[in-house]
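Q: Sharing a model prediction with you, sequence too.
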Amino acid sequence: MKKVMTTIALACLVTATMPTSVMASAKAGQKVFKKKFRKSCGFSGVKFARMHTQAEWEKIYEEGRFKDEAQRICPKLDESKIKESWWKHVYDFSYEYAKDGAIPSC
């Protein structure tokens, strides 16, 4: 019985913290967009994110085309100024606020 309760408690803890980590990464992606993308794109991060649905963003990212898609959407974007580790955060932000994703609070 103790093992079952421990397993349930652990599952609840993992489930409760999971959205927080995704949101933290989406927040980091929003900051990266504001600092590195916004000027060259000429529009907000939410407008960028709403170019696709969550499923479309996921497919683009899994196929390794996320950088290419960002360049297509923002032709003036200088990819050399974006650290490799930041791309995952920008993807998480794009996924979170996609057409069918969360509605940003303004």
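A: Cool, the structure landed.
Q: Pick out the residue nearest the middle of the chain.
A: Nearest to the mean C-alpha position of the chain, counting by CA atoms, centre = their mean, stands Asp92 at 1.4 Å.
Q: State the distance from that one to Glu69.
A: Separation of Asp92 from Glu69 (CB to CB, to the nearest Å) stands at 15 Å. Yep, even glycine has a C-beta here, placed from its N, CA and C like the rest.
Q: For stretch 35-48, buried residues please.
A: Residues of stretch 35-48 classed as buried: Lys36, Phe37, Cys41, Ser44, Gly45, Val46, Phe48 (neighbour count, 16 or more other CB atoms under 10 Å).
Q: The spatially closest residue to Met51 that is not a sequence neighbour: neighbour count?
A: Closest residue in space to Met51, ignoring its immediate chain neighbours: Ile73 at 5.7 Å, by CB to CB, 6 or more residues apart in numbering. Using other CB atoms under 10 Å, Ile73 has 16 neighbouring residues.
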